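# here is a sequence with its predicted model. Questions after.
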Amino acid sequence: MNITRNRWLSLVAAATATAALAGCSDGGAGAGGATAEAEPEGPVTIEVWGWNAETGQQYAEAFNAAQDDVVVEYVLQASNTATATNFRNAVEAGSAVPCLVQGFAPLTTMVVNGWAQDITDAVEPSADLYSKGALAAAQVNERYYGLPSGADGQFLIVNTATYDKFGVDVPTTWDEFLEAGRTFKAGGVDVTNLAGEDPSTLMNLAQQAGAEWFAIDGDQWKVNFTDDATLEAAEVVQTLIDEDLVSNQTYQDKPALYSYFDSGNMASTTTQWWSITGLQTNLVQSAGDWKAAPIPQFADADETVTPGRTTPSFVPEGCENPDAVMTFVDWGTTAEGIEAGRNPETGAVGFPTQIPDPSEYVADVVPEGFFTDDAAAADVIVEAQAATVGKFELGPNYDAWFPELQDQWGKAVAGEITVEEALAAVQKFVESDLESKGIAHTS
Amino acid sequence: MSASTTTVDEPGLAPPTPGRPPAASPPVRRRGPRWRTLQALKGASFSLPFLAGFTLFVLVPIVMALRESVYSTKTSGLGFGGSTVTFVGADNLLRAGADTVFWAGMGRVGLYAVVVVPLTQVVSLGMALVLDAASRRVGARFRIALLLPYMVPGIVATMIWIYLYSPVVGPLHEFFELFGLDVNFYSSSLAWVSIGNLAVWGSIGFNMLILYGALQAVPHEIFEAARLDGASEARIAWSIKVPFVRGPLVLTSLLSIIGTLQIFNEPLLFRAVTPESITKDFTPAMMIFNQAFQVGNVNYATALSIVLALVVGAGSAVIYRFLNRSEP
């Protein structure tokens, strides 16, 4: 029955492709329609799936108007989850698979599931257009499976009213951050917030310290959640928990979270460029008191490193036009392309984190009235972007182990177990899961 | 209209026609069974939409689940190649039977059900009795108000209660502070209380409506007779009304048990609030969801689903027998 269905689908696909090519020939070849067996001419049409309701459509239209080689049909999805569901369905059905999909999960997951195709040949000619971090993020096993994609560099925002009140300098290392926390604690203020359901703080610290939780070692995965760099990161978190220097407000209760951020009882937090507008809207009382600063570094770091991860867009298996996709994606690095992404409501362009130097556009993402010094904040954001690692391999079974990390993180934050014990438990879980999936691994 | 026409054709009911040749009767007799069959088919056809839905949405998924559960999907090397599906027989079901994490979740939810299901039934019954005792107009007003929580989708209800429970911006924390109590509904020690309260709030309206409907059907002469015999209203409620609604009470209890053992929405959202206690495998349904959509092991997830269905079925059967045994 499946074979019959597949044959039928193949016939439909073939008929559609023929019709499409015929359409292209008619439109592109004009009077030269006699060359029926020659290469079809005219624009290549690609379907792009994403959930950018604000500017996705207008961006595609501007691209279509700017050149004649590629026509993009932007299919707006309801959300990240909806994209994932619809894409899975399209793959299962074996039809209507788009040519470019906004990344809804880490890149290696896309490769393991057989969804992302190797587009190294298409990406390499345009590598100069992208930042080092953006290129690193697009690779798995040294091949490009994703589109170059800028990771959003983390930086620190501090409430200057609180820092000034306690006479504390903005910390530049994690040791200084802990010391600042001790001073704040004496006055009943938390140095930051660690949400019990969100282990991203630990992941960011580990990435910054140079941890490598997953690495490809020949034909097997090397898994190590307790390497020296991770343990160095874990120690910072453990101290914050043990000495009760933090609060554990949940993201689920947003009004309470913002009220707490706004109260002056939380001195600082790490963030990234796209969060600032939301913070500015919700932190009414403390707006104007916040100062952006580079994220603290580990004392023994050789160079300034900013954590930040991304889920790159990818070209699904079955798409025959990765070059056309690159034409579309490369256009996003040009001044015209960046301008086409200007949000008509906010008046701001999307911060082009994928290009080597996005400083020209940073003013757009710094909202007025939130920072003590907008220009200085803009500099911090650009520096954070320049120092972004970009790559943090999350292995072939991220979807399986992340909920386990959440469980263990929740217990560690509540003080029921240590962070190191939590990481050891995740290591054990990953090994067992890879074993059950038949994926080769070593620790 | 068609019914009255065909009734005349019924051989037994057709008026005798004097002088009519006997040859006329055989065709009538031949039409008889055909007509009966046709009528039976007509009647049966009313169940077709249900049968189609039942087959498509219940039987087919069950068969598919059984099929999925006897296979295992594996990849090899780095996991980048395709996967292979192998027949593993009852391995997944046996693994589910011995999975301590799954059974811990089952035990947790079982204990929770022991408290929440009777509580829901008692509150629903109490409310139905009070409404039944009130005048029809007052009853109608409260009936709608009490049913409102049931109309709110589970996820939305949970979001509402997460706000109400909030120790920072929610009103309940402040309310308890008035009495000098520092009640934190987000704390892990109160997680089950918070979820249970939400579940009871959401389900009493539906149960109350079923019980109230059953109470309305009790013949009022019996109450009159009881009153004449000097029975108080409380005595009438306990000795007459409650025994009369035992059937609907069994039904609502079974529905509550089934719903409670499959609890999913509430703990999933409360997980963010108390992540140290509500883990990804906290309830059987959460574990099945995690296995299917996060771990990606659909084969094992379906095996777990089958085990859960068997437990719910067995539990329902036992409760049904137990409750029906004491029926007068």
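Received the coordinates, thanks.
# quick one: A:Y59 from B:Y71, how far?
Distance of A:Y59 to B:Y71, given as CB to CB, to the nearest Å: 44 Å. Where you see a C-beta, it was placed from the backbone N, CA and C, and this is true even at glycine.
# oh, that last question was meant for A:Q272, not what I typed.
Distance, A:Q272 to B:Y71, using CB to CB: 43 Å.
# could you do B:A272 as well?
34 Å.
# more crowded one of these two?
Neighbour count, other CB atoms under 10 Å in any protein chain shown: between B:A272 and B:Y71, B:A272 has more, with 20 against 16.
# nearest residue to the more buried one other than its sequence neighbours?
In space, and not counting its chain neighbours, B:A272 is closest to A:Q252: 3.8 Å by CB to CB, 6 or more residues apart in numbering or on different chains.
# that neighbour is in contact with B:I162, isn't it?
Yes. In this structure A:Q252 lies within contact range of B:I162 using CB atoms under 8 Å: 6.0 Å.
# mutual contacts of the two, please.
Common contacts of A:Q252 and B:I162 (CB atoms under 8 Å, 6 or more residues apart in numbering or on different chains): B:269, B:273.
# buried stuff in the helix or strand A:D323 falls within?
A:D323 belongs to helix A:322-331 when elements are defined using DSSP states H and E. Buried residues in helix A:322-331, defined by neighbour count with 16 or more other CB atoms under 10 Å in any protein chain shown: A:322, A:324-331.
# tell me the contacts of A:T311?
A:103-107, A:149.
# how about a cut-off of 6 Å?
A:103, A:106 (CB atoms under 6 Å, 6 or more residues apart in numbering or on different chains).
# and it, what pLDDT?
pLDDT recorded at A:T311 is 92.
# then B:S2?
pLDDT recorded at B:S2 is 38.
# repeat that for A:Q67.
A:Q67 carries a pLDDT value of 95.
# tell me how far it lies from chain B.
A:Q67 sits 34 Å away from chain B, going by CB to the nearest CB, to the nearest Å.
# one more: A:E124?
Distance, A:E124 to chain B, using CB to the nearest CB: 20 Å.
# that residue - how many residues pack around it?
Using other CB under 10 Å, A:E124 has 12 other residues around it.
# would it be right to say that it lies in a helix?
Yes. Counting by DSSP: H, G, I helix; E, B strand; the rest coil, A:E124 is found in a helix.
# leaving out the residues flanking it, which one is nearest to it?
Excluding its sequence neighbours, the residue lying closest to A:E124 (CB to CB, 6+ apart) is A:Y144, at 7.3 Å.
# equivalent analysis for A:Q285, please.
Leaving aside its chain neighbours, A:Q285 sits nearest to A:D262 (4.9 Å; criterion: CB to CB, 6+ apart).
# spatially central residue in the chain, please.
The chain I'm using is chain A. A:T310 (2.0 Å; CA atoms, centre = their mean).
# other chain: chain B
B:L255 (3.3 Å).
# assign a three-state SS to that one, would you?
helix.
# how near is A:A440 to A:L434?
8 Å.
# how about B:L198?
Note on B:L198: its distance to A:L434, by CB to CB, is 38 Å.
# can you show me the strands along the chain?
You didn't pick a chain, so chain A it is. Here chain A has its strands, by DSSP state E, at A:44-50, A:70-76, A:100-101, A:139-140, A:143-144, A:155-159, A:192-193, A:214-217, A:220-223, A:246-247, A:268-271, A:290-294, A:441-442.
# not what I meant, chain B
B:71-74, B:84-87.
# in the first one, which of the residues would be classed as buried?
Buried positions in strand B:71-74, judged by neighbour count with 16+ other CB under 10 Å: B:71-73.
# reformat those as TSV; add pLDDT and distance to chain A.
Output for these, formatted as TSV (pLDDT from 0 to 100; distance: CB to the nearest CB, whole Å):
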residue	pLDDT	distance to chain A
B:Y71	95	14
B:S72	93	9
B:T73	90	8
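# make a markdown table out of those residues and add distance to A:I381.
Converted to a markdown table, the buried residues of strand B:71-74 look like this (distance: CB to CB, whole Å):
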| residue | distance to A:I381 |
| --- | --- |
| B:Y71 | 50 |
| B:S72 | 48 |
| B:T73 | 44 |
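# quick one on the thing from earlier: now do the contacts for the residue nearest to A:Q285.
Contacts for A:D262 (CB under 6 Å, 6+ apart) come out as A:283, A:285-286.
# rerun at 10 Å
Residues near A:D262 by CB atoms under 10 Å, 6 or more residues apart in numbering or on different chains: A:159, A:279, A:282-287, A:289.
# and if you look at A:L107?
Shown in contact with A:L107 (CB under 10 Å, 6+ apart): A:116, A:137-140, A:144-147, A:149, A:310-314, A:391, A:393-394, A:398.
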